[in-house]
Structures are given as structure tokens and as C-alpha cells.
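*Asks:* Dropping a prediction and its sequence here:
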Amino acid sequence: MIIIGITGTIGAGKGTIVEYLVAQYGFKHFSVRSYLQAQMQALGMPDNRDSMTLLANRLREEHSPAYIVEQLYAQAAQQHTHAVIESIRTPGEVEALRAVGGTSFYLMAVDAPQPLRYQRAYARGSSTDHISYDTFVANEAREMQNSEPHKQNLQKCIAMADVLLDNSKDINHLQQQIQAFVENIVS
């Protein structure tokens, strides 16, 4: 069983990577966003990035910096199949997945230029993505660096990745990078 964690900047293509891994290699998808949205709905919280960040930070602070991905990893382990966990946002999550996954865990990071990522995020139409460019930039700045272990630190997560994918070109370019990495670890 191989577990791939996905990290990256907002709108960089994490979901696109997941779709490719599921379609081409049969990976089972486990989503932090879906996990949090279910929790938010149960708590009557609004479905937006601020609520999602608040809840994620609260869960990590109350339980452990890796609490959410530990829940998803437990679900993935029960499936006994290759799995992808989207999206890893704290160094504690990376460390926890490396500890439980050992040599079967890999972290993929993805990035693209900020204006392109904003266009892509806005176009996907999610309620958390219909925001101004300035809000997008502010959200990302808040998630890029943080010294608190239960809060987002995308910059450090990206630095911890086994591979950094460039999604500044077309989808074929991204898929070629994914294929090269996955075929190297699966074979």
C-alpha cells in the first residue's frame, strides 16, 4: 500500500493531481477539505476558507498537529489500497504520515505562479474560492508560514516534499511529471 500526501499553494492543482492518481492508478482519495466540511456542517459553521482554517486549527490544537490526517490515514489503512491524502498543510502532518507510513509514504508538492493560481481557483467555482485577488493573496500569506505546529505552514510542507511539481503549463505537462514520479515509486 502506497500513501501519497498532496501539498501545495492555493489553486496550484492539488485536486487535478488527485483526479489523475485516482483515474490512472486507482488510488483512493481522502480529502481534508471534505472531512472539515462534514465537521463544519455538523457544527452549523459557514462553508468558507476562514471557517475551515479556524476549525482545522482548533482540531489540531485540541488533539495533535496531525489529528486530521491521522483520521484520514486510519481510514486509508482500512482500505488496503493505494491512497492519496489531500491536502497536507502542516509540518506535523508530514512528520506523522512519514512516521506511520514509513517508506510507503510520499509527499508531492505542486506550485504555479500566483496570478495563474488565482484564475484557476476562481474558475473552479467553490464557495471558498469566489474572493477578490487581494483576499486570495492575504489568505495565502496567512497559510504560508507559521511557527505554531497546529497552524498551516505551506512553505515548510513544500520544502519537505519528495517531489515538487510545476503546474505553470498545460495539464499534459503536469500529468507527465506525476506519471514519472508515480511509476518510479510503484515499480
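*Replies:* In hand now; what should we look at?

*Asks:* Of all residues in the protein, which one is nearest the centre?
*Replies:* Ser87 (1.4 Å; C-alpha atoms, centre = their mean).

*Asks:* which residues touch that one?
*Replies:* 6-8, 14, 31-33 (C-beta atoms under 8 Å, 6 or more residues apart in numbering). In short, each C-beta sits where N, CA and C put it, glycine included.

*Asks:* What of Leu54?
*Replies:* Taking C-beta under 8 Å, 6+ apart as the criterion, Leu54 is in contact with Met45.

*Asks:* and it, how far is that from Gln119?
*Replies:* 27 Å (C-beta to C-beta, to the nearest Å).

*Asks:* swap in Val182?
*Replies:* Distance, Val182 to Gln119, by C-beta to C-beta: 27 Å.

*Asks:* Tell me which of those two has more neighbours.
*Replies:* A count of neighbours by other C-beta atoms under 10 Å puts Val182 above the other of Val182 and Gln119, at 22 against 14.

*Asks:* about what we covered before: could you identify the buried members of the contacts of Ser87?
*Replies:* By neighbour count, with 16 or more other C-beta atoms under 10 Å, the contacts of Ser87 hold 6-8, 14, 31-32 as buried.

*Asks:* quick one: which of those sit in strands?
*Replies:* Assigned to strands by DSSP state E, the following of the buried ones among the contacts of Ser87 qualify: 6-8, 31.

*Asks:* partners of Gly5 in the sheet?
*Replies:* Note on Gly5: beta-bridge partners Ile85, Leu107, judged by DSSP bridges.

*Asks:* just checking, what packs against the longest helix seen in the chain?
*Replies:* Ranked by residue count, the top helix of the chain under DSSP state H comes out as helix 171-186. Applying 3 or more C-beta pairs under 8 Å, 6 or more residues apart in numbering; DSSP states H and E, one finds that helix 171-186 contacts helix 14-25, strand 105-111, strand 163-166.

*Asks:* now it: how far from the chain's centre is it?
*Replies:* With C-alpha atoms, centre = their mean, to the nearest Å as the basis, helix 171-186 stands 17 Å off its chain's centre.

*Asks:* which residues touch that helix?
*Replies:* 2, 4, 13, 16-17, 20-21, 24-25, 82, 106, 108, 110, 162-163, 165-167.

*Asks:* so that helix versus helix 14-25, what angle?
*Replies:* 60 degrees (axes from the mean of the first three to the mean of the last three C-alpha atoms, to 10 degrees).
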